[in-house]
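Chemist: fold the following and give me the result.
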Amino acid sequence: MIRINLLPYRPERRNKQILQHLGWTFGSIALLGTLLMLVSMYGNGDLADLQTEFGQLQAQNMILKKKIGKIRNLDKLRADVERKLSLVDELQQGRFESFKTLIALSSVIPENVWLNSFVDNAGKLKIVGVGESNKSVANFMRALTQSPLFGGVALGVITRKLTSGVPVRTFNLTLDRLADVTQDSQQGGKK
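Modeler: Numbering: from 1, shown residues only. Just a heads-up that it's a prediction; the model follows:
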């Protein structure tokens, strides 16, 4: 015998398929939501790590800025010290310049000439002295002129004067100290 199934199997199958599709859809959505949540948690963890690292880098940056400030301060101090040392070197070089000029001058003074005063004004020399005669003063001037250490020798005034009953000549001279006085006197002292 033939059986006829009059039950509506197609709508049941369709409902079953709809439920199955809805299950797959909600399952996919739940899986996708779970995946998004995991990715978000992983991203938040990375973000927290990056924020921590950023805070550490900012702290290191502040420390380095302080060190750079100290280094700049040290550079200023070093420049100041170098400037002061160069000034000390200049003073040290000029310290014995007048003394060396006097040594060079004493090598050309004749026996019958005496100096009363000597003024050194930045290489311009003024000498006031006493000589036994006009000839001795002239010899002194000639020796100064022939010296490579002095130049521009000029006689200001020469006058006759009695000192302790002895006639002498008082004079004043102006001359230039040449730039290499200190070098020549240093070399002369080393020979």
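
Chemist: secondary structure class for I109?
Modeler: coil (DSSP: H, G, I helix; E, B strand; the rest coil).

Chemist: beyond the stretch of helix or strand L19 belongs to, next helix or strand please.
Modeler: Element membership for L19, per DSSP states H and E: helix 9-95. Note on helix 9-95: by DSSP H and E, the next helix or strand toward the C-terminus is helix 97-106.

Chemist: other residues contacting the helix or strand following that following helix?
Modeler: Using DSSP H and E, the helix or strand that follows helix 97-106 in sequence is strand 113-121. Identification of contacts with strand 113-121 by Cβ atoms under 8 Å, 6 or more residues apart in numbering yields 97-98, 101-102, 105, 109, 125-132, 136-137, 139-140, 170, 177. In this view, the C-beta of every residue, glycine as well, is placed from N, C-alpha and C.

Chemist: filter the residues you listed down to the ones in strands?
Modeler: 125-131, 170, 177 (DSSP state E).

Chemist: okay, who's weakest in those by pLDDT?
Modeler: pLDDT across the ones in strands among the contacts of strand 113-121 is at its lowest for R177, which sits at 82.

Chemist: quick one, what contacts that residue?
Modeler: 101, 120, 123-125, 149-150.

Chemist: most widely separated two among these?
Modeler: K124 and L149 (14.3 Å; Cβ to Cβ).

Chemist: any regions of this structure where pLDDT drops low?
Modeler: Within the chain, the segments meeting pLDDT under 70 span 5-8, 94-95, 179-191.

Chemist: so the strand ranked longest in it versus helix 97-106, what angle?
Modeler: Longest strand of the chain, by residue count under DSSP E: strand 150-163. Angle of strand 150-163 versus helix 97-106, following axes from the mean of the first three to the mean of the last three Cα atoms, to 10 degrees, is 70 degrees.

Chemist: what is the orientation angle of strand 150-163 with strand 124-131?
Modeler: Per the same axes, to 10 degrees, the angle that strand 150-163 makes with strand 124-131 is 30 degrees.

Chemist: and the gap between R10 and L38?
Modeler: Look at R10 and L38: by Cβ to Cβ, to the nearest Å, they are 41 Å apart.

Chemist: next: R142.
Modeler: In this view, R142 and L38 are 110 Å apart by Cβ to Cβ.

Chemist: have a look at these two and say which one is more surrounded.
Modeler: Comparing R142 with L38 by other Cβ atoms under 10 Å, the one with more neighbours is R142, at 13 against 10.

Chemist: okay, now I103: neighbour count?
Modeler: 15.

Chemist: which residue is nearest the centroid of the protein?
Modeler: A79 (3.4 Å; Cα atoms, centre = their mean).

Chemist: among the contacts of R177, who's most crowded?
Modeler: Neighbour counts for the contacts of R177 (other Cβ under 10 Å) peak at L149, which has 24 neighbours.

Chemist: pretty sure that one sits against L175.
Modeler: No. With contact defined as Cβ atoms under 8 Å, L149 does not count as touching L175 (9.8 Å).

Chemist: many thanks, I have nothing further to ask.
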